[in-house]
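Colleague: Need coordinates for the following:
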Amino acid sequence: MAILKTYVIIILMGVSSISFAQYKIEGKVVDKNDKVISQAKIILNGTSFSTKSNKQGYFSFTEVEKGFYTILISATGYEIFIYSIDVKEDIQLEPFRLENSLEEVILLEDLELDSEGGNDASIAFLQASPDIFQQTAAFQWGGFFFRPRGYDTDKNKVLINGVMMNKAQNGKPLWRNWGGLNDITRYPDELKYGLNPSEKTLGSTAGVTHFSVRASDFAKGGRMSFALTNYSYTQRLMATYATGVKPNGWAFIASGSRRWAEEGVIDGTFYDAWAYFLGAEKQFNDQHSLSLTTFGAPYRRSGNSPNTQEVYDLEGIHYNAYWGWQDGKQRVERIRETYEPIWMLSHNWKPLENTKIQTTISYQYGKNSYTRLDRGDDQLTQTGYLEFLNDPTHFNPKTNYNFVASPSPIYYRYLPSYFNSTDRKDYDKISWDNTDRYAGPVINRQINWDFLYQTNYWNSVAGLGAAYFLVEDVSDDRIFNASTHFQTPLSNHIIFNGTLSYQNTHSKNYRRMNDLLGGLPIENRDFFKGYHFNVLEKNEKINVGETFHYNYDLFQHKMNTYGLWRFSYNQFDYELGVDYTKTTFWRKGNYQNEYNLNESLGGSKKYTFDDFGIKASILYKMNGKHFFRLNTLYQKVAPYINDAFVNIRYLNTVPESIKSSRIVSGDFNYIHQGKKLKTKLSTYWTEMKDQTSIQNYYLDDDGEATGFLYQSLYNMNTRHLGVELGIEYAMSSTLKAKGALSIGQFTYTNNPSVITYRDGVLLENELLKKAYYDGYKVPGTPQRAYNVGLEYRSPHYWWLSLNGNVLSHNYVSLNPGKHSESFIVSAPPNTQSNIDALLRQERFSSVFFMNFSIGKSWRIQKNGILASLNVNNVLNNTQIKTGGFEQGYLGSYDKAFKESQQENPKWGNRYWYQQGISFFANIIYKF
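Modeller: Coordinates of the predicted model:
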């Protein structure tokens, strides 16, 4: 309450600046050729006023109070334009001449940050923005997995027509659900960075992106484009057409695309993605309209493997272990498929001149799946197969089989380092000499599908189940949303925005047999430990298309109410946002797992969290050029479902101490909007407390300890602080110099508690132990980034830009087992220096790269053509690590330390590398 009282006092301080004089602002929007731009959206920041330019390009605002304002203009295909004005009288503005958007030549979600091991956090910022720093973060650093301020994707909230798109399981938006619909999502209706308050939702620390995709939002016209690239796909075709609002009140829009590659730049990868968007709207009168929207993006692509440095040194940065040869053709093991179409029905009501109410209901459904190879426990040897053929009556398979070897070509027992190790036995080295896979043909360094089929054939002849098979992990979601947003002025200086929303999620999760690879059906049990995954059907044989291993449902109900008050005065603007969220979730197990008979089957307890948040902002407008903004946030956030259950595939168990996380954050910004010089300087500080995270990995201890570990880290605290700068200077009417920097420090600030399960069994001796994370760095992004660039725009409608960038202080992800209390106490005394060296978090080397783009546009009567080329990493720097992680470590200090002394430790860190030079050539036809 004390915090709230403070904000109220600050807000009331601005009352003395109230002015009752009202004025009119008029203007016109055109392009560089003075061609009229209709349907451009014009917002008078600091007020409830927004409008669109008419067919002649004109717009106006009336009843505007005296004071400093910024006008923001956005139109499809053009750079967002910002203009500062000091309103003292009626103003007739000079025409605003918009420039063609360079964004046309730059990939948005096409950067494919949702690739294996990557993250799509930067995609949230890959939108048209007038902010210099955001432009740089998106288009210069985004393709190298830079995350502004170090926040994960769940801290950015994404809405479409007022409906929240962030998933219940992990709080993240799944951008590939609308990937390829660039023409639809190019210009968000609202793009709030960091802590800037949003009209639609409280958001969090990373910002809010809202897309309004009603058919009436798009001006009449069409565009077609074709692109060639060497990213994850090699070709892209897109087409969009909008009718605009017809005289009878109807508006329609359709958009579609396809992106594909038979093989991408990474060895053995393919890509096949389609996308469609259909929208219809009927405007009944000036008060009511109804719109129906549907869109989806069927998506199928192969993954690429993270590898140890040893593998990269042997095979190069484009090596991928997830494919191999079958009958002379390439076949991929890891394939991700997603198709979750969305239907939306929106009603827009304008009961008063400046009062708007939008109500949207939506339904989303579909599957997200991922395949991988798995193995059983019976692999009949060739000798056994021949003995069976000779005397099947007296054949004993248990005396003629081997433990099933890993099908992965980068399994540590297949690498040179394993055979070069000093403790390897003679027969190991003989085996290596015979195999010699990394000195032989390429086929030996990939998955040997023919061998897998041959092994399964030998097994089937003897009546044994498949030794190798392809499994598919499936998430099948049904999501219903309902949301109502209300905006109205309470007075000449106060605007209120309110939102009520409800989300209902039902997610079915299971493993399905995708392909038995010519083998016989298998048992539904753990082939390493012998436990049955479902004791209710112990004798069940699993065939293609049937579920096994795990099968459970997740449910979540989430209700939210949000209010934002905006107070606008001559030199001060104040914003106060408050929200309340009620979250209830539970799990229902469909299998009774032999690991834990009591906690696996049926419904779990229902977990309910009541959370609130408050966000406050003060903007001081010194004059039309200098602005100062202070934003603050306090927020409680319920744990996500995937982080709450310690072993979600098997058990209903949630730690007793589970609770909502707490976020305290603030940022201070200075903005200069001059005719030649534009600058934004920001500092930020964020504390995140009581976070929960689940990590799982395979522990290879060559003994009873071997197995899959599931570790729940809770009460985990992190701190994010730093400074950001974006600067742009117009050296002439055609040449601009730009620069940006981000210097951050993202660290763990405590040692979280850990609960450990091996397979489905709680390790009592590991209960409530600690993971020593305090002082380590939060991974997943460069913590420092620098940019300088030049941009030239010719009066003859061509342009080019050149940028130099440096990224540094990027760290690998920590493995909790390696940093656990039990691991450290297993070390002998007087070895602290060795422990420090072993536990040191790897920091990647600083990298330098240059990006270049060039383009040209032509006007042909009423139509236009734009051609462009964008080249990233022009110097072809192939030593850029974009991410990595510590592998599931050996369980004891002695073994881990011994391995660390090897030149190539068998459990060394794994990495992803940036692909090297990349290009995107695009041609667009507008009509």
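Colleague: I'd like to know which elements the strand or helix carrying N631 is packed against.
Modeller: Using DSSP states H and E, N631 sits within strand 626-637. Counting contacts by 3 or more CB pairs under 8 Å, 6 or more residues apart in numbering; DSSP states H and E, strand 626-637 packs against strand 607-621, strand 661-673. Heads up, the C-betas are built off the backbone N, CA and C, glycines and all.
Colleague: which residues touch the following helix or strand past that strand?
Modeller: Going down the chain from strand 626-637, the next helix or strand is helix 641-644, by DSSP H and E. Here helix 641-644 makes contact (CB atoms under 8 Å, 6 or more residues apart in numbering) with 168-170, 554, 556, 585, 587, 607, 648, 654, 658, 692-694, 712.
Colleague: Next, give phi and psi for Q309.
Modeller: Backbone geometry at Q309, expressed as degrees, to the nearest 10, gives phi -60, psi -30.
Colleague: which non-adjacent residue is nearest it?
Modeller: G908 (6.4 Å; CB to CB, 6 or more residues apart in numbering).
Colleague: ok, that neighbour - how many residues close by?
Modeller: 22 (other CB atoms under 10 Å).
Colleague: re earlier: in JSON lines: the helices and strands packed on strand 626-637, plus mean pLDDT.
Modeller: JSON lines is the format used below for the helices and strands packed on strand 626-637 (pLDDT from 0 to 100):
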{"stretch": "strand 607-621", "mean pLDDT": "97"}
{"stretch": "strand 661-673", "mean pLDDT": "97"}
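Colleague: Can I get those in JSON lines including distance to E340 and mean neighbour count?
Modeller: Listed next are the helices and strands packed on strand 626-637 as JSON lines, based on distance: least, CB to CB, whole Å; neighbours: other CB atoms under 10 Å:
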{"stretch": "strand 607-621", "distance to E340": "25", "mean neighbour count": "18"}
{"stretch": "strand 661-673", "distance to E340": "27", "mean neighbour count": "19"}
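Colleague: quick one, helices of the stretch 151-300 of the chain?
Modeller: Ranges of helices within the stretch 151-300 of the chain are 182-185, based on DSSP state H, counting those that start in this stretch.
Colleague: circling back to that earlier point, out of the contacts of helix 641-644, which are buried?
Modeller: Neighbour counting over the contacts of helix 641-644 (16 or more other CB atoms under 10 Å) leaves 168-169, 554, 556, 585, 587, 607, 648, 654, 658, 692-694, 712 as the buried ones.
Colleague: Now intersect the residues you listed with the strands, please.
Modeller: L554, Q556, F585, R587, Y607, T692, S693, I694, S712 (DSSP state E).
Colleague: re the thing from before, give the contact list for the residue nearest to Q309.
Modeller: By CB under 8 Å, 6+ apart, the neighbours of G908 are T308, Q309, E310, Q887.
Colleague: Count the neighbours of the last one for me.
Modeller: As a burial measure, the neighbour count of Q887 was computed by other CB under 10 Å and equals 22.
Colleague: Now it: closest residue in space, sequence neighbours ignored.
Modeller: In space, Q887 comes closest to W907 once its chain neighbours are excluded; the distance is 4.7 Å by CB to CB, 6+ apart.
Colleague: I figured N230 was touching N876, is that so?
Modeller: No. N230 is not in contact with N876 according to CB atoms under 8 Å; the separation is 11.8 Å.
Colleague: Looking at these two, which is more packed in?
Modeller: The neighbour count for N230 versus N876, taken as other CB under 10 Å, is higher for N230 (16 against 10).
Colleague: and the closest residue to the more buried one other than its chain neighbours, how many residues sit next to it?
Modeller: Sequence neighbours aside, V265 is the residue nearest to N230 in space, at 5.0 Å (criterion: CB to CB, 6+ apart). By the criterion of other CB under 10 Å, V265 has 19 neighbours.
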